[in-house]
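J.: show me the folded form of this:
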Amino acid sequence: MASIPFIPGSAPFSPEQRAWLNGYLAGMFSDANLGAPGESSAAEAQPKEPLLVMYGSQSGSAEGLAKQFAKQADQKGFAPQVMELNDYSKVDLTRESQLVVITSTWGEGDPPDNAMEFWNFIKEESAPKLENLNYAVLALGDTNYTEFCGAGKNFDERLAALGAKRITDRIDCDVDFEDTAEKWICELWGKLKGGQASSLSRDGAAATNGSAQISTADAPVEQETMWSRKNPFSAKLITNRKLNRAGSAKDTRHFEISLEGSDLQYEVGDALGVYGLNCPELADEIIAGLGCDGEEAVLDSDGNETSLRHALITKSVITKPQSALVKYFAEKSGAADLQSLMLAENKDKLNDWLWGREVIDLLVGYPSVKLEPGEFVGMLGKLQPRLYSISSCPNAHPGEVHLTVAAVRYESLGRGRRGVCSTHLADRVKLNESPVPVFIQKSQGFRLPENKDLPVIMVGPGTGIAPFRAFLEERRVSGAKGKNWLFFGDQKASCDFLYQDELEAMQAEGVLSRLDLAFSRDQKEKIYVQTRMLEAASELWGWLEAGAHFYVCGDAKRMAKDVAEALHKVIATEGGKTPGQAAEYVSQLKKDKRYQRDVY
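T.: Residues are numbered from 1 along each chain as shown. A predicted model of the protein is given here:
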């Protein structure tokens, strides 16, 4: 068998680029070796071991990871089958032998939309016993949330309760999950039964290939361009326009970013990952609170030595405190209020206390606590990219990507607060000068229907309008004949009607068939998008019965839940259904990919 070439460490490539190239060469030469004339492949001689890979994914990370894992499984001689957790009925879990679950967590410990039905199925007392099943769970989450990796933990515990046996212990990954996930997957390969022991698992190219397969999203474009979450493209901001008019209480911006020179491509429904920087003034306040000058040498979150000020601005979370930092202040200050918040039964109280507080509040509020710069930075979280729904259609704006972003500004405890990435883009990035590191986050679960004749219903108040501006542009450019209905709302029509000129022009053209508006503060009684849905219940039901796809984008905690409740009411009242039947109807919409959400 011919040896597999690889890119040496001395080659002029970044680690991510070298990983991708080595993976590409390993896969190409592996296929060539297996298919060489006159050679007999061991993989062909032996039946492949089935391996079920199921995922729960809201923003695309878990889905991309699951699909890349399945590709590795195929290379290693397994017969992988990959699917959403909600598609569990397509297989008989009582007869499956090996299952790998990769899932994110949504909201406060909830499963993603495409995993909720699976959870409802296995948590029931009537759920089947799974004594024949061996399984492993990889959980993605965010330590900023109290129920960190809650969905993964619940799946793991429930599968065990049903008699399934763990192949390896669950791992809980934070937002920056790639390295942790890679290590877990490498360990898993050694414990999975079946598959073929190929040279790919034993040489340098193999290890690099495995690294390349684990990425934030499974986009072929991302592989071709080599730009990713770990290796973002330095783009340029070319437009920064305020969308709100005078008199608004909000600051919503329309950003246009040039992708020239990147070969990055996206589809409507995708998100853009943007790396922002912390406010320098806030970093200076923290430095003063530590009694430092900012030039002290520290190790940043990547383990690189840099100055304290540089680490605080570019690498660390200096807004919401991490639990480790709060615990440290509780122990060192002896403050009864902080120590009480650390008790397990006061988890909700801790969340309430943290709202509107930042790292600077601990330094100012408990000045007796002294920290060395390196120790302090070590207790801060790693600054993560923000994901923004893309508000443009690539066919309408080639070489560009547009965002609709609310610049977060508010006051709490007598101090002004600012969102990290939103105000970085709005206030500090210089047009056509400052680099804006970006990558494409694929969102396979938020797509227009392939059949362009089908109607589309979109509910997107506030910045939730973003993907629907892109949807409408795409429907116009592609000549889609299906009708389009948009529910949009905000505070005041006079100053908060985002993209008013564009939407009214689309109405005049016939692209936007119907536009229902809800401005909550233009009258005494609050009116929201769900109010308009109920008012238009009869026609809304008619569109659904005609095959319409229903989309929601925006706030997950309140709006999305209220919209879901209104949708159930519309189906029950206009469809003459019981609450249970309405729930089944909605469930079928989700299974058919006709009810999709992009909520945050």
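J.: could you list the low-pLDDT ranges of the stretch 151-300 of the chain?
T.: 194-225 (pLDDT under 70).
J.: so the residue nearest to Arg532 when sequence neighbours are not counted: helix, strand or coil?
T.: Leaving aside its sequence neighbours, Arg532 sits nearest to Asp516 (C-beta to C-beta, 6 or more residues apart in numbering; 4.3 Å). Where you see a C-beta, it was placed from the backbone N, CA and C, and this is true even at glycine. Here Asp516 is recorded as strand under DSSP: H, G, I helix; E, B strand; the rest coil.
J.: pLDDT score for Arg475?
T.: Listed pLDDT for Arg475 reads 98.
J.: pretty sure it sits in a strand.
T.: No. Under the criterion used here (three-state DSSP), Arg475 is helix, not part of a strand.
J.: ok, now which ones touch it?
T.: Taking C-beta atoms under 8 Å, 6 or more residues apart in numbering, we find Arg475 in contact with 448, 452, 456, 482, 484, 511.
J.: so which of those is the closest to Glu285?
T.: Leu448 (45.9 Å; C-beta to C-beta).
J.: so who does Lys332 touch?
T.: Contacts of Lys332 (C-beta under 8 Å, 6+ apart): 366, 368-369.
J.: could you tell me which of those residues belong to helices?
T.: The helices, defined by DSSP state H, take in nothing from those.
J.: straight-line length of stretch 547-560, end to end?
T.: Terminal residues of stretch 547-560 are spaced 21 Å apart (C-alpha to C-alpha, to the nearest Å).
J.: now that stretch: buried residues?
T.: Neighbour-count burial for stretch 547-560, counted by 16 or more other C-beta atoms under 10 Å, picks out 548-556, 559-560.
J.: lowest-confidence entry in those?
T.: Lowest pLDDT among these: Ala556, 87.
J.: OK, contacts around that one?
T.: Ala556 neighbours (C-beta under 8 Å, 6+ apart): 106-107, 599-600.
J.: now the residues you listed in CSV, with distance to Arg428 and neighbour count?
T.: Listed next are those as CSV, based on distance: C-beta to C-beta, whole Å; neighbours: other C-beta atoms under 10 Å:
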residue, distance to Arg428, neighbour count
Trp106, 31, 25
Gly107, 31, 18
Val599, 28, 20
Tyr600, 23, 20
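J.: tell me the bridge partners for the nearest residue to Trp227 once chain neighbours are set aside.
T.: Of all residues not flanking Trp227 in the chain, Phe233 sits nearest, at 4.3 Å (C-beta to C-beta, 6+ apart). Beta-bridge partners of Phe233, counted by DSSP bridges, are Val438.
J.: ok, now how distant is Phe233 from Pro437?
T.: 7 Å (C-beta to C-beta, to the nearest Å).
J.: before we move on, back to that, from the buried residues of stretch 547-560, which is closest to Thr180?
T.: Looking across those and measuring by C-beta to C-beta, the closest to Thr180 is Ala556, at 25.2 Å.
J.: so how far is Asp110 from that closest one?
T.: Ala556 is 9 Å from Asp110, by C-beta to C-beta.
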